[in-house]
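> got a sequence here, can you build the structure:
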Amino acid sequence: MNLSDETVKKIKGLIVFAVIVVIIGVNWQLCLAALLSVASVFTPFILGGCLAFVANIPMRFIESKLGSVKRQGARRALGIVITFLLTVVILMAVLLLIIPQIAVSIRSLQRSIPGFLNSLSLELTRLIDTYPEILSSFESINIDWNSLVQTVSSWISRSMGSVIPGTVTAIAGIASVLTNGVIAFIFAIYILIGKEKLSGQAKSAFRAFLPEHSYRMVLSIARLISEKFSAFVTGQCLEACILGMMFIITLSVAGMPYATLIGVLVAVTALIPVFGAFIGCVVGAFLMLMQSPMLALAFIIIFLVIQQIEGNLIYPHVVGGKVDLPAIWVLVAVTSGGAFFGVVGMIVFIPIFSVLYALLRSYVHIKNGTPREEEIAFVESDFSAAVKDVSARLRLEEEEVSSDSREAFNKTKATDTVKSSADEENINNAEASDRELASKKDIKGSVKGNS
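Predicted structure coming up:
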């Protein structure tokens, strides 16, 4: 069997791919450790890329409003400066709102904790007077106080011995975080300044190493990823602001304490999808509990009501419509992202799942030949065209194979027909020769008889 060069190349590629998969599967722990080690080296650059991506969302809007600035470089510089200044102003405003509220909350807790402990002591005294067997059960417990004191003393000694190394480690960790933050910030500035040039270089590289249909597909998928992540970040921030304002207004109208602190805390934690707002609920309920158990119960009821309004009315329109991901897959994305990468995974996995869901749905519909505009409207036409281009190319290859097969069959059939014609002609010629020879013999016999 003769194989073409293209088929041999594909077979070699499959063999190499299978060998790589087997090696990675056998040594997956070593490969994972190596990948994490490489990722730790590139951590500041990854953070810088993420920071540049997030900052590019408001920067594009700001640049669109700076149309009066003719020079592109000046418009870009102004856009970057205004974006980061707005970020700093927002962070300072949040801190100015939170820090005084935290100070007030601490002073309030200092005043309320003694009363809370006193009421707790009175409640325990009443409980012991009502059920004296509780006290007798505790009196039956024998505690070796000398051993307990020695254990605590040895633990304190060991802890004091590790204070200096722990302090050095903490200082080194803080220095590393600050260094990575500075490098990430500088890297993000470089990306934002030359994003068009970087985009052009990436497109040139993809065009050089990929076929045309693969190049178009990569570009459309990259565009889809950018749109989904931008829509998710914008929608999530807007939804967090709306939720925080709802809590501030509602708690203020209800006359509850810590309204601003809880509202800002809920807005910040609401950036974590699905589960984030419940962190604010726990903190708010604890603060209310220091005032009164009934106040804490009222806060929990208010939280559940606002959460239902936000989950059923606000979130589907502000965020859900932008990422176009069913609620069940949002829950799967948040749960799996949190299991693998913690809080960062919870935030990032929703747009990732949205992109995968969009691509898979579009591909299935196109392969089935039933694409509907309202179902794949969120998919770029380039991706659809690329998928159709791949399908058309596969069909063309099948048609070429079928055409080659039909041509070979026709050639074989024609050859067989020529051979059959030649054989038939040879048979006819042989029969004619036999008849001619027989006729000659008959003529000779007749001449001999006449003689």
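> pull out the buried positions in the helix or strand hosting residue 44.
If you go by DSSP states H and E, residue 44 is part of helix 43-64. Buried residues in helix 43-64, counting neighbours by 16 or more other C-beta atoms under 10 Å, are found at 44, 47-48, 51-59, 62-63. C-beta coordinates here come from the backbone N, C-alpha and C atoms, glycine included.
> just list what it packs against, helices and strands only.
Where contact means 3 or more C-beta pairs under 8 Å, 6 or more residues apart in numbering; DSSP states H and E, helix 43-64 is packed against helix 72-130, helix 163-193, helix 212-253.
> quick one: mean pLDDT for the first one?
For helix 72-130, mean pLDDT is 79.
> off-centre distance for that helix?
Taking the mean of its C-alpha atoms, helix 72-130 sits 31 Å from the chain's own mean (C-alpha atoms, centre = their mean, to the nearest Å).
> helices and strands around it, which ones?
Using 3+ C-beta pairs under 8 Å, 6+ apart as the contact criterion, the neighbours of helix 72-130 among helices and strands are helix 43-64, helix 133-139, helix 163-193, helix 259-269, helix 276-291.
> one more time with 7 Å
With contacts taken as 3 or more C-beta pairs under 7 Å, 6 or more residues apart in numbering; DSSP states H and E, helix 72-130 sits against helix 43-64, helix 163-193, helix 259-269, helix 276-291.
> one step back: looking at the helices and strands packed on helix 43-64, which one is packed in the most?
For these, the largest average neighbour count (mean count of other C-beta atoms under 10 Å) is found in helix 212-253, namely a mean of 18.
> angle of it against helix 43-64?
Orientation check (axes from the mean of the first three to the mean of the last three C-alpha atoms, to 10 degrees): helix 212-253 against helix 43-64 gives 80 degrees.
> state the mean pLDDT of helix 212-253.
For helix 212-253, the per-residue pLDDT values average out at 85.
> re the thing from before, redo the buried residues of helix 43-64 as CSV? Include distance to residue 337.
What follows is the buried residues of helix 43-64, written out as CSV (distance: C-beta to C-beta, whole Å):
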residue, distance to residue 337
44, 22
47, 18
48, 22
51, 20
52, 22
53, 17
54, 17
55, 23
56, 23
57, 21
58, 25
59, 27
62, 30
63, 32
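> go through those residues and say which is closest to residue 239.
Comparing the buried residues of helix 43-64 against residue 239 with C-beta to C-beta picks out residue 57 as the nearest, at 14.9 Å.
> domains in this protein, as residue ranges please.
Following automatic domain parsing, one finds the domains of the chain at 42-116+171-209, 212-401.
> Serialize those to a markdown table and add fields for distance to residue 34.
Listed next are the domains of the chain as a markdown table, based on distance: least, C-beta to C-beta, whole Å:
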| stretch | distance to residue 34 |
| --- | --- |
| domain 42-116+171-209 | 13 |
| domain 212-401 | 18 |
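> redo the helices and strands packed on helix 72-130 as JSON lines? Include distance to residue 101 and mean pLDDT.
JSON lines is the format used below for the helices and strands packed on helix 72-130 (distance: least, C-beta to C-beta, whole Å; pLDDT from 0 to 100):
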{"stretch": "helix 43-64", "distance to residue 101": "27", "mean pLDDT": "86"}
{"stretch": "helix 163-193", "distance to residue 101": "26", "mean pLDDT": "81"}
{"stretch": "helix 259-269", "distance to residue 101": "4", "mean pLDDT": "84"}
{"stretch": "helix 276-291", "distance to residue 101": "10", "mean pLDDT": "81"}
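> right, and these - which one's nearest residue 326?
Across the helices and strands packed on helix 72-130 (criterion: C-beta to C-beta), the nearest stretch is helix 276-291, sitting at 19.9 Å.
> buried residues in the very next helix or strand once past that closest one?
On the C-terminal side of helix 276-291, the closest following helix or strand by DSSP H and E is helix 293-309. Neighbour counts over helix 293-309 (16+ other C-beta under 10 Å) mark 295, 296, 299, 300, 302, 303, 306, 307 as buried.
> now distance to residue 18 too, for the helices and strands packed on helix 72-130, in TSV please.
Formatted as TSV, the helices and strands packed on helix 72-130 follow (distance: least, C-beta to C-beta, whole Å):
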stretch	distance to residue 18
helix 43-64	31
helix 163-193	38
helix 259-269	46
helix 276-291	43
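> between those, which gets nearest to residue 8?
helix 43-64 (39.6 Å).
> ok now the closest one, how far from the chain's centre?
Here helix 43-64 shows a centroid-to-chain-centroid distance of 17 Å under the convention C-alpha atoms, centre = their mean.
> ok, now stretch 352-369?
For stretch 352-369, the gap between its own C-alpha mean and the chain's C-alpha mean amounts to 15 Å (C-alpha atoms, centre = their mean).
> average model confidence for it?
In this model, stretch 352-369 carries a mean pLDDT of 80.
> buried stuff in it?
In terms of neighbour count (16+ other C-beta under 10 Å), stretch 352-369 has its buried residues at 352, 353, 354, 355, 357, 358, 359, 361, 362, 363, 365, 366.
> now the fourth one: which helix or strand?
Of the helices and strands defined by DSSP H and E, residue 355 is found in helix 327-368.
> quick one: closest of the domains of the chain to residue 155.
When the domains of the chain are compared for distance to residue 155 using C-beta to C-beta, the nearest one is domain 42-116+171-209, at 24.2 Å.
> from residue 27, how far off is residue 197?
Separation of residue 197 from residue 27 (C-beta to C-beta, to the nearest Å): 39 Å.
> check residue 53 too.
Taken as C-beta to C-beta, the span from residue 53 to residue 27 is 33 Å.
> just residue 7 next, same as before
For residue 7, the distance to residue 27 equals 31 Å [C-beta to C-beta].
> repeat for residue 238
As it turns out, when the distance is counted by C-beta to C-beta, residue 238 lies 46 Å from residue 27.
> list the contacts of stretch 7-26.
residue 31 (C-beta atoms under 7 Å, 6 or more residues apart in numbering).
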